[in-house]
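[1] Show me the folded form of this:
(2 chains, ligands or ions: 3)
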2 protein chains.
Amino acid sequence: MTKGRVTLPAQEGMDEEIKKIVKRWGADAVRDSDGTKIPDVIKKEADKVYSKYFFTRGDQDFAKENLDELQHMFIMSEPVTATEEEITIPILAGYFKDQLKPDTDNDPKKWWQVIDRTTGEVVSTDQWEYLEETEEVKVTDAKLWHRYTVNVLVYQIWDPVHMYNHITNDWTTEHQMPYDPRYPKTRHYILERLRTWLDEHPDTDVVRITTFFYNFTLVFNDVREEKYVDWFGYGATVSPKALEAFEKEKGYKLTAEDFVDQGYYNSPFRMPKKAFLDWIDFQSKFVSELAKECVDIIHSYGKEAMMFLGDHWAGTEPYGKYFKNIGLDAVVGSVGDGTTLRMIADIPHVDYHEGRFLPYFFPDTFNEHNNPVIEANQNWLQSRRAILRKPIQRMGYGGYLSLALDFPDFVDRVEEITDEFRDMHDHVKEADPYVAPFKVAILNSWGGQRKWMSHHVHHAIWYKQCYSYYGILEALSGLPFEVEFISFEDIKADGISDDIGVIINAGEARTSWVGDDYWKDPEVVEKIRAFVQCGGGFIGVGEPTSYEHQGAFFQLPDVLGVQKEIGFSLSKDKYNDQRTPDHFILQDQHEAINYGESTRYVYQTSKSATVLDIEADDIKLATNTFGDGRAVYLAGLPYSPENARLLKRALYWAASKEDVFHEWHTTNIYTECAAYPESGTFVVINNAYEEQVTQVTKPNGMVIDVTLAPMGYQWFEI
Amino acid sequence: MTKGRVTLPAQEGMDEEIKKIVKRWGADAVRDSDGTKIPDVIKKEADKVYSKYFFTRGDQDFAKENLDELQHMFIMSEPVTATEEEITIPILAGYFKDQLKPDTDNDPKKWWQVIDRTTGEVVSTDQWEYLEETEEVKVTDAKLWHRYTVNVLVYQIWDPVHMYNHITNDWTTEHQMPYDPRYPKTRHYILERLRTWLDEHPDTDVVRITTFFYNFTLVFNDVREEKYVDWFGYGATVSPKALEAFEKEKGYKLTAEDFVDQGYYNSPFRMPKKAFLDWIDFQSKFVSELAKECVDIIHSYGKEAMMFLGDHWAGTEPYGKYFKNIGLDAVVGSVGDGTTLRMIADIPHVDYHEGRFLPYFFPDTFNEHNNPVIEANQNWLQSRRAILRKPIQRMGYGGYLSLALDFPDFVDRVEEITDEFRDMHDHVKEADPYVAPFKVAILNSWGGQRKWMSHHVHHAIWYKQCYSYYGILEALSGLPFEVEFISFEDIKADGISDDIGVIINAGEARTSWVGDDYWKDPEVVEKIRAFVQCGGGFIGVGEPTSYEHQGAFFQLPDVLGVQKEIGFSLSKDKYNDQRTPDHFILQDQHEAINYGESTRYVYQTSKSATVLDIEADDIKLATNTFGDGRAVYLAGLPYSPENARLLKRALYWAASKEDVFHEWHTTNIYTECAAYPESGTFVVINNAYEEQVTQVTKPNGMVIDVTLAPMGYQWFEI
Ligand SMILES: [Mg+2]
Ligand SMILES: [Mg+2]
Ligand SMILES: [Mg+2]
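    Residues are numbered from 1 along each chain as shown, chains lettered A, B, ... in the order given. Ligands and ions are numbered 1, 2, ... in the order given. This next block holds a predicted model:
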């Protein structure tokens, strides 16, 4: 219990301190980070040595010799309004010229596009030319007052993660340039270099691959700030070579606009288009094949291959259909909260999962103006409840250990956390936790391909437009439910599985998370109505089932019992019939519910609906019955202990399973219980920073009183 | 000054009291109301006697003898979800059966429609039948889980305004049935009856027509409450006869769905469809022709014809192209605020305009629990500033005078108001007020056909979804600007007139007020960009220029300098650069600005933009320059003295006319000044309920100090 399951970042020049920490935190593995090396003496302290490995950056000599094999990206210039018939568009205006460079090795007339954004028409290549000297495109015969953009194929001349680390830490090192293994020389080089590196690293037990070949989309602006970030993007995977291979493989040709996507760059919030899905498939296949070759080489050296989930993850989607072919031993990922914990822990086809916890040991957190214990506690509380639902097998930290050692309270707290983590595993013994007798399905356009990734722009970063929906994932990450992610195509192809008790559809109109025009697909609404009619549950949050069609905005107003006014039916009088809040769903709510950004203008349409909460005349919470089934409408659900409880109750109610709600239930909403019947154990945790008293009910009805220290926990035998 | 310009509602049985009031309020005309009669002795007190006249209701004998000539309406049944292949749809479920009755005299299979609202398909008439006994439509071979509605042609068996008055006042009289002059017997009868009535009313000077033939859409529900109301609707103008005539005249056929419009019933908030515009044109032509015949008859009796703007106004649109043909002497309308005052006062082609002020003398206001002076004051303050911009020539009240007489404070206050009204006319002497040296144009899909009618559901009624835009009209109604209402078609056909200084586009996405897909029409954006480039001003409120197209939601982000995030570009980093609020526009704002329902997720896109106000990371107020022109973005603008001032400043700034802003300007925002150079007079008014001190600047720069009593005013010589 005092040693194991923990990975420590090591660095040179502080051997004694590190040895002490290895002992206190019970680390059995050490790792290096971007910018650090592990001293030999430390390697001996650990059972396992992890070494980071970058496939497509780090060798500047190779990069410089093969500038035509650097990685690419399509970018859209800022729009220029034509005030004259001849206009010039500065193609890199607003971009960071240290990061991107127009590719003129490949013919701009072939790969670039000038688009009239007023009409959407692609401008004939006769009508424009590239002025290399000024990095401008000159358009002739422009239509006055139309807006023009240029889709430009650029080289990436700085790896974006290296750039981010470099700028954040004021490094002065050379800018690492990423090379593209689509090109034969790079491909050959990557495999050779791996072998050389493995030869040179006999002490390494685990190759920590950061990651494979293509980075998520991260673009900086002309003042060295973030301009565009999409943790799920494939913008950086393009190249003339890949595009030509795509055409051959898929039988049709993509253009720059398929990637630029009007400047939206195929954000995962967009309804995914066939071209984009085909591209993901095409690149994932390629990446998985080459990654497998690499992993096989690593294995041939008797080492483990561990992939970092993040950075160059494009093409290695862990819930995609090619991931299992790679043959990885493990994944490691950054744990930002319960949702990202689950994003890691649920990954199939690996032997174990490791979480890298926050805070990262970087000077932005570890400085005299900040107390890193606060972030550590919050990170642990949000992830702990998720680990209890789906464990990761290992934990660790990253960055400069030297920074952390200056904060003794932090060192103490991590000692407690690592002990608690091991204690958990000692009790659970790999058993599955008790879950409700029905599954919960999140329905969106991505489905199981992007588990735990909805309403998510950048890894665990708060977005005003997201948190009111992301809170659903965060609540579920630690609630006693088996959660599935299903797509509309799943429903169309296979119907709705019998073991699903409740379907959740959440988000804003038109986004992929809600599903947009899938809601006018008769097959979709037929199957969901039939599901609810036969006893299924449906929970809609925000603008669920929304697509303005045939007089309805919410396409399932009969199921939900409510509708949203979008301005076309103001002439219709609204009568909202609010009831006394003694409903099962509300029994633990003692304050006003926080719906986050919330949703306006929702009103009651069915007399069968029960309106549970109204603010400023708008319905915020309502229930409805439809046939033998039930539905709940919520205006938003940011994460909080109160809202996690609200969702738990809503799910049991929607599934008509209130009769078993009490099993392993805690009365105090700041506490939760996870039970492991096969291991004969259960734990009660305190998610709050104050002491909490709670009661736990066993399935046999027996009630136990528990008092928990701030952030505390207690294990019991069943 | 003590008599004239005022119309009093009279009733029987209180002659002495009425005489006293006639004197105190200076009434020179008396009128009856729905449910009252004018005693002969009172008629003698007045210079003019107004008699209400209903063309299409009131003679129950005629109605009963001609039930097949009752007025019609198309209604949509509530949707029924098919849980079986044979379903029955109760066609009047949720409707008030005292108001509507299915028309089976005309073949339902010909005039009705059953529609699958899941697909939008019209169900074959072979697949349904009407069960008259149960008032149900039985559909066979329904598609499981689809939603079905029936478009039903119904008779109106109760005139909706009579129904409203009846229910509001607990009348027990017979329900008046409206008859349709499209039908020859009714047409003939109407003209005959008018002559008879004129013969029988020698004392009547003014025939107060309430109104002509077809009521606005007003439908009650099964518990006698309002179900649907559209003050601008044409739902009640349909009939088989008219539809057949339409086909002949316009060359194509309309169906029930052209009126039902998916249950939106062609709300004016919808983008108007060609079929609806053609129908308005068709019915307006018919109504104006018959109305002219009636007016000619009235004139032949030496009487005046005054139309009440409201009730049966469909087809008499006062800003429509046929209105002038009717030949009316006057219009009278209900004054709810400044906007509705202008809606009346701006009407062309009549000799004079009369406003009926609030409160209406009905027991819902005049009862022991209420002080009617409050409503009278508010009504007067909001309308007074509009009268000073565009006068009505007469004022009056309506309802039961007996009720008002029980409130001596009210009688006193109306005496003051009527004196003030006459005083105004004595000073102004029909001169035009000073206005800014540029016009303001409200741009929407209706344009000049519906002046002062945008963002308006029901006459002057507050709607949560409207007030944040309606406030623009209300502010403008009393501001020193000449206001035009222009449509996108106007711009496409004629461009933008030189005298327009600022264009305002305001409202929520997709509505007719914003213009929806007009914003992807190159001609529209070309002309507006050219206008601003050359020095024009553009003010956008809410979601101006919105139509998601080619990577933009606001289609004029270059002009506005801002954009709205709708979820597709969350990956794009937003940098809003707020500036110190010392801008010309903000100089009178000392508190947080009230944007009403406001608009979320607006961010800066142009570096040239100046962000003046941000709340919770969202831009609420920003300015921009575009060429020689300027633009202002506002998140909403409910009416208040503060916001009226904000708009005034925004307009002068957008027009680049700050140099003349001070002319006839008052420093205190609760005061306003109207100047009449031709009459050599100006007035300063106090819009507040407390005393105000203000300074007025004359065009020559001379500053005058003025102190005004609560709600007071003072006239000066120039
Ligand atoms: Mg680690
Ligand atoms: Mg007169
Ligand atoms: Mg009147």
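
[2] What separation is there between the residue of the stretch 301-450 of chain A found nearest ligand 1 and residue A:308?
    Nearest residue of the stretch 301-450 of chain A to ligand 1, counting by C-beta to the ion: residue A:396, 2.9 Å away. Bear in mind the C-beta positions are built from the backbone N, C-alpha and C, glycine included. From residue A:396 over to residue A:308 the distance is 11 Å, taken as C-beta to C-beta, to the nearest Å.

[3] Can you check which residues contact both of those two?
    Any residue near both residue A:396 and residue A:308 by C-beta atoms under 8 Å, 6 or more residues apart in numbering or on different chains counts here, and that gives residue A:332.

[4] So what touches the strand or helix carrying residue A:166?
    Element membership for residue A:166, per DSSP states H and E: helix A:160-168. Helix A:160-168 is contacted by residues A:34-35, A:57, A:98-99, A:171, A:173, A:175-176, A:215, A:218-220, A:224, A:236, A:311-312, A:362, A:364 when judged by C-beta under 8 Å, 6+ apart.

[5] hmm, try it at 7 Å
    A:34-35, A:57, A:99, A:171, A:173, A:175-176, A:215, A:218, A:220, A:224, A:311, A:362, A:364 (C-beta atoms under 7 Å, 6 or more residues apart in numbering or on different chains).

[6] What are the buried residues along the helix or strand following that helix?
    Downstream of helix A:160-168, the next assigned helix or strand under DSSP H and E is helix A:184-200. For helix A:184-200, the neighbour count (16 or more other C-beta atoms under 10 Å in any protein chain shown) marks A:186-187, A:189-191, A:193-194, A:197-198 as buried.

[7] Please apply the same query to stretch A:261-280.
    Under the neighbour-count criterion of 16+ other C-beta under 10 Å, stretch A:261-280 has A:261-272, A:275-276, A:278-280 buried.

[8] Just flag the most distant two among the contacts of helix A:160-168.
    By the measure C-beta to C-beta, A:57 and A:364 form the most distant pair in the contacts of helix A:160-168, at 22.7 Å.

[9] Out of the two, name the residue with the larger neighbour count.
    For the pair residue A:57 and residue A:364, the greater number of neighbours falls to residue A:57 (23 against 10), based on other C-beta atoms under 10 Å in any protein chain shown.

[10] Tell me the most packed of the contacts of helix A:160-168, by neighbour count.
    Going by other C-beta under 10 Å, residue A:215 tops these with 28 neighbours.

[11] Quick check: phi and psi at that residue.
    For residue A:215, the backbone dihedrals (degrees, to the nearest 10) come out as phi -80, psi 150.

[12] hang on, isn't it packed against residue A:236?
    Yes. Between residue A:215 and residue A:236 a contact is recorded at 5.0 Å, counting by C-beta atoms under 7 Å.

[13] ok, the residue in chain A positioned nearest to ligand 3 - contacts?
    Per C-beta to the ion, residue A:571 is where chain A lies closest to ligand 3, at 26.6 Å. Residues near residue A:571 by C-beta under 7 Å, 6+ apart: B:228-230, B:265, B:267, B:457.
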